[in-house]
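K.L.:
quick one: sequence and predicted model below, then my questions.
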Amino acid sequence: MSNIPESVQLGKNTVIEEDVVVGENVVIGHNTVLLQGTHIGDDVSIGSNCVLGIKPGVNQRMRKTAQDNQNLMIESGTRIGHLVSIYSGTKIGKGVFIGDQASIRENVSVGPDSVIGRAAIVELNTTIGKSCTIQTLAYVTGDTTLEDEVFIGPCVSMSNDKYMGAQPFSLKGPHIRKGAKIGNNASLLPGVTIGKDTIVGAGSVVTKNIEENIVVAGIPARKIRS
Amino acid sequence: MSNIPESVQLGKNTVIEEDVVVGENVVIGHNTVLLQGTHIGDDVSIGSNCVLGIKPGVNQRMRKTAQDNQNLMIESGTRIGHLVSIYSGTKIGKGVFIGDQASIRENVSVGPDSVIGRAAIVELNTTIGKSCTIQTLAYVTGDTTLEDEVFIGPCVSMSNDKYMGAQPFSLKGPHIRKGAKIGNNASLLPGVTIGKDTIVGAGSVVTKNIEENIVVAGIPARKIRS
Amino acid sequence: MSNIPESVQLGKNTVIEEDVVVGENVVIGHNTVLLQGTHIGDDVSIGSNCVLGIKPGVNQRMRKTAQDNQNLMIESGTRIGHLVSIYSGTKIGKGVFIGDQASIRENVSVGPDSVIGRAAIVELNTTIGKSCTIQTLAYVTGDTTLEDEVFIGPCVSMSNDKYMGAQPFSLKGPHIRKGAKIGNNASLLPGVTIGKDTIVGAGSVVTKNIEENIVVAGIPARKIRS
């Protein structure tokens, strides 16, 4: 077991593996697992029944990522809910809020003061800027970029695989520019760019790039307002 | 640890904090956490790896709710699956069924004999009537009202924030009247009312109030049958 | 506790009930629960905080399934993530990958080398062929058939209840033929058949049977290419 400061409030039945670093005044819930190489900053709180620092698993039909013994880094002041899973090789910035049952994979960066909602999922190799909001049950696919202050509504869906498994090496998720807002249950197709401050209506399907500062809606999404 | 009746069947590694009340003939699975102030009625069953009685957490960009030391109340005969999270200040009625991996937040009321499906999520300040069915992976947003006998299909999405974060104090979810049925993966926009016994087709996007006893479908949803 | 081979790597706080069979070289994470009657083949890995071998629960408004003391069978070489729940009476083939927070119910068969994505849910009485991919947060309803090499995109939704609870005994999910691909966040209605090698576009709503080897899209889904 790793060396834990006295100021840390540890729940019952927690499992803390080797090479885990925990800062001052951290609160860790019951039954939570910190796997090898997890680094927790000061004043972080973590709920019960979480699993943090997961090493990526693969099977023969999933791609491998370069993982040179990377750690999970969680910066100070971040709050993590219950039943959350986060992978190694990911960095969570300061003051982030991660809802219960959220899952964040490897090689992800989450900027400071962002919110990852309840049961939201962020796949690998994705960059999320500062002060973003990703709402409940939203799905942020792999190889995606969210610039600062992006809003992703509940149940938004994205994909990064234009050929749905037939050509596995062309993966590219959406690129969502600063301040854009995506309405609930909208679908974004692989590689689309959503312009700065643009609004995508609820339930829309975005099939191509969208210019900045407009409102789009429908299937496929078309401009309804400037 | 709180005082637990002899008739209770406790799993291994359960964590039961102070001020927890557990009724007669309750079954609690392994690794389940009952946090301070949780009240469990008679004949309730709870699966493994659950976290019940969670105190609401907030960050600077999320609203606080009034929580004057409220408890989580689970009434008799209710069945709760595995890996479930439920917050304090919420009341679950008699004979309710809550599926695995469901999550229910604070200040929610669930009426008797309702079903909250697997991985369904119910946000804060929401009222669910009696004998409602909320299916798998459905998302019931905050500040929502479901009257009695409402059916919410799988993967239904709702939102309560008309301005997607730009004006945080106008939150209002849908109001779904008695006996209305919402098809799978439909999207309901903030504040819409769905009339009594009305049916919303699968994949529809409901952007305005819908009268009673009709069938609507499409994007935006329009009447297709009386 | 059941008899566990010496080659098994057991995490901390695991709970292994009676009548559990674990093969050689199995890895089991921390806080994971193997309920009575779970059979794990050789070289299987299982993450932390999982619950495997769950007996089906019902309430008065949910149907019962025949469950003559059936076991959960997990064949060799399969990898299971963290926070996963799987029911008894289900068979998971060789070399399957099951993502974190996935849930698979009773009387399900998953063919070899298939992938069940992160937080994907598979309901009861469903058959999944070999080398299928079910992506993150997809919902495979009950009474569904996926033939071999089917691709289900992220957040796809299905339903099996044409009358949404009004006539409970007519449940039938989709039948998806070999090699068909369903785009992200598409909705499939009860009982529809999707033809061999057909592609359903993202966000489509499929309301009737679709012939083989075409591309459909829209609400309702219509042919856009042969």
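P.N.:
Received it, and whenever you're ready, just let me know what you need.

K.L.:
OK, contacts around A:Pro220?
P.N.:
Counting by Cβ atoms under 8 Å, 6 or more residues apart in numbering or on different chains, A:Pro220 makes contact with A:204-208. (Glycine included, C-beta is placed from N, CA and C.)

K.L.:
now the residues you listed: which count as buried?
P.N.:
Among the contacts of A:Pro220, those classed as buried by 16 or more other Cβ atoms under 10 Å in any protein chain shown are A:204-207.

K.L.:
inside strands: which ones of these?
P.N.:
Using DSSP state E, the subset of these located in strands is A:205-206.

K.L.:
just the buried ones among the contacts of A:Pro220 that are near chain C?
P.N.:
For chain C, the contacts drawn from these by Cβ under 8 Å from any Cβ of the partner chain are A:204-205, A:207.

K.L.:
alongside chain C, which residues does chain A contribute?
P.N.:
A:13, A:15, A:31, A:33, A:49, A:51, A:54, A:57-62, A:83, A:85, A:101, A:103, A:105, A:119, A:121, A:123, A:137, A:139, A:141, A:155, A:157-159, A:161, A:164-166, A:185, A:187, A:189, A:203-205, A:207, A:219.

K.L.:
change it to 7 Å
P.N.:
Residues of chain A that fall close to chain C, judged by Cβ under 7 Å from any Cβ of the partner chain: A:13, A:15, A:31, A:33, A:49, A:51, A:54, A:57, A:59, A:61-62, A:83, A:85, A:101, A:103, A:121, A:123, A:139, A:141, A:157, A:159, A:164-165, A:187, A:189, A:205, A:219.

K.L.:
and chain B, which of those contact it?
P.N.:
Answer for the residues of chain A next to chain C near chain B (Cβ under 7 Å from any Cβ): A:13, A:31, A:49, A:83, A:101, A:219.

K.L.:
mind listing what the last one touches?
P.N.:
Right, A:Ile219. Residues in contact with A:Ile219, defined by Cβ atoms under 7 Å, 6 or more residues apart in numbering or on different chains, are A:204-205, B:219, C:203, C:218-219.

K.L.:
now those residues in JSON lines, with pLDDT?
P.N.:
Shown next, in JSON lines, are the contacts of A:Ile219 (pLDDT from 0 to 100):
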{"residue": "A:Ser204", "pLDDT": "96"}
{"residue": "A:Val205", "pLDDT": "97"}
{"residue": "B:Ile219", "pLDDT": "93"}
{"residue": "C:Gly203", "pLDDT": "96"}
{"residue": "C:Gly218", "pLDDT": "94"}
{"residue": "C:Ile219", "pLDDT": "93"}
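
K.L.:
check these and tell me the two furthest apart.
P.N.:
Spatially, the most separated pair among these is A:Ser204 and C:Gly218, at 12.8 Å (Cβ to Cβ).

K.L.:
tell me the two of the buried ones among the contacts of A:Pro220 that are most distant?
P.N.:
A:Ser204 and A:Thr207 (9.6 Å).

K.L.:
report the beta-bridge partners for the residue nearest the centre of chain A.
P.N.:
Residue closest to the average C-alpha location in chain A (Cα atoms, centre = their mean): A:Val122, at 3.5 Å. With DSSP bridges as the criterion, A:Val122 is bridged to A:Ile104, A:Val140.

K.L.:
residue contacts, it?
P.N.:
A:104-105, A:108, A:116, A:128, A:140.

K.L.:
8 Å instead?
P.N.:
A:Val122 neighbours (Cβ under 8 Å, 6+ apart): A:102-105, A:108, A:110, A:116, A:128, A:134, A:140.

K.L.:
what's the answer for A:Leu10, then?
P.N.:
Neighbour list for A:Leu10: A:4, A:28 [criterion: Cβ under 8 Å, 6+ apart].

K.L.:
repeat that for the one 10 residues further on.
P.N.:
For A:Val20, the set of contacting residues under the criterion of Cβ under 8 Å, 6+ apart consists of A:2, A:34-40, A:53.

K.L.:
so A:Lys12 touches B:Val15, yeah?
P.N.:
Yes: using Cβ atoms under 8 Å, A:Lys12 makes contact with B:Val15 at a distance of 4.8 Å.

K.L.:
neighbour count winner among the two?
P.N.:
B:Val15 (20 against 16; other Cβ atoms under 10 Å in any protein chain shown).

K.L.:
hey, what's the more buried one bridged with?
P.N.:
Taking DSSP bridges as the rule, B:Val15 bridges to B:Val33.

K.L.:
I'd like to know how many residues surround A:Leu72.
P.N.:
26.

K.L.:
my read is that A:Thr126 contacts A:Ile152, right?
P.N.:
No: assessed by Cβ under 8 Å, A:Thr126 is found out of contact with A:Ile152, at 11.7 Å.

K.L.:
between those two, which contacts overlap?
P.N.:
Contacts common to A:Thr126 and A:Ile152, judged by Cβ under 8 Å, 6+ apart, are A:140, A:146.

K.L.:
so between these two, which is more surrounded?
P.N.:
A:Ile152 (31 against 23).

K.L.:
show me what contacts that one?
P.N.:
A:132-135, A:138, A:140, A:146, A:176, A:182.

K.L.:
which ones among these map onto strands?
P.N.:
Under the assignment DSSP E, those contribute A:133-134, A:140, A:146, A:176, A:182 to strands.

K.L.:
now do the shared contacts for A:Ser204 and A:Thr207.
P.N.:
A:220-221.

K.L.:
for the lowest-mean-pLDDT helix or strand in chain A, the distance to its chain's centre please.
P.N.:
Lowest by mean pLDDT, DSSP states H and E among the helices and strands of chain A is strand A:222-225, with a mean of 94. Centroid separation for strand A:222-225 versus its chain: 29 Å, with Cα atoms, centre = their mean, to the nearest Å.

K.L.:
ok, it: who's next to it in the sheet?
P.N.:
Counting by DSSP bridges, strand A:222-225 is paired with strand A:215-217 (antiparallel).

K.L.:
list of residues touching the strand it pairs with?
P.N.:
Strand A:215-217 is contacted from outside by A:183, A:198-204, A:206, A:210, A:222-226, B:219, using Cβ under 8 Å, 6+ apart.

K.L.:
swap the cut-off to 7 Å and go again
P.N.:
A:198-201, A:204, A:210, A:222-225.

K.L.:
flag the shaky bits of chain A, pLDDT-wise.
P.N.:
Scanning chain A for pLDDT under 70 picks out the ranges A:1, A:58-69, A:167-169.

K.L.:
up against chain B, what does it have?
P.N.:
So far as Cβ under 7 Å from any Cβ goes, chain A lies against chain B at A:12-13, A:30-31, A:47-49, A:79, A:81-83, A:95, A:97, A:100-101, A:113, A:115, A:118-119, A:133, A:136-137, A:151, A:153-155, A:181, A:184-185, A:202-203, A:218-219.
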